[in-house]
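1. generate coordinates for the sequence data below:
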Amino acid sequence: CKGLNGIELGGKALVCQRANVGAKPNPNVPNDLMSAIMNPALLGLPNMNLPGLTTGLTIPGLGAYIPGVQSMVQSVIPGANVDVSPVVVLQNLVMVEELTDANTYDDIKADVKSECERYGEIQELVMPKPSDGAQVKGLGKVFVMYKSVESAKEACKALEGRSFNDRIVLTRFIKTEDFRTGNLDK
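-> Numbering: from 1, shown residues only. Predicted coordinates:
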């Protein structure tokens, strides 16, 4: 964020800072966030005309910082346009460095399982571990397969935007077939 703060964009200085929950709204920013995203001119920004995007400036990952807007960016985030499934992917929850110590790994996995069980019965929880020299699919993500799609939807909604170890948790779904076959990088 420090590297982005102060960069000139469209003749204006970009301000990049941590969210200030409970702050008063800026009167210069439109109340309708989606309008601001899809029409950057409302914020005084130029239309970037990015390939593959129909209109406006789109910022991947925006849903991570504002709970409840995941549906607005589904077509932008890789893998986010998967239909709802019983498998929830939790991203930005763990760092690879935290997974190397067996005790820390077990503690994190137990904490995640305990929290996720609040939303329904879990069939399987996978938290890939690093392996010396080998590439591990899904490393740094946690995959939770619920018994029902309803439980997965509730968990996805409730966990998106939550804070864990000073990180904001991202949520999305993955196809059940990809989960079962170990195709965890989708």
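
2. which of the helices and strands in the protein ranks last by mean pLDDT?
-> Least confident element among the helices and strands of the chain, by mean pLDDT, DSSP states H and E: helix 62-65 (a mean of 40).

3. contacts for the helix ranked longest in the chain?
-> Taking DSSP state H as the criterion, the chain has its longest helix at helix 102-116. By Cβ atoms under 8 Å, 6 or more residues apart in numbering, the residues outside helix 102-116 that reach it are 88, 90, 93-94, 98-99, 122, 125, 127, 129, 142, 144, 155, 159. Backbone N, C-alpha and C define where each C-beta goes, glycine included.

4. biggest separation within those, which pair?
-> The two members of the contacts of helix 102-116 with the most space between them (Cβ to Cβ) are Lys129 and Ala155, at 22.4 Å.

5. output the below-cut-off pLDDT ranges for this protein.
-> Along the chain, segments meeting pLDDT under 70 span 1-4, 14, 16-82.

6. what about the helices in it?
-> 33-38, 62-65, 102-116, 149-159, 176-180.

7. of all those, which lies closest to Lys186?
-> Comparing the helices of the chain against Lys186 with Cβ to Cβ, the closest turns out to be helix 176-180 (5.1 Å).

8. that closest one packs against which elements?
-> strand 142-146 (3 or more Cβ pairs under 8 Å, 6 or more residues apart in numbering; DSSP states H and E).

9. and the angle for the strand it packs on with helix 102-116?
-> On the basis of axes from the mean of the first three to the mean of the last three Cα atoms, to 10 degrees, strand 142-146 is oriented at 40 degrees to helix 102-116.
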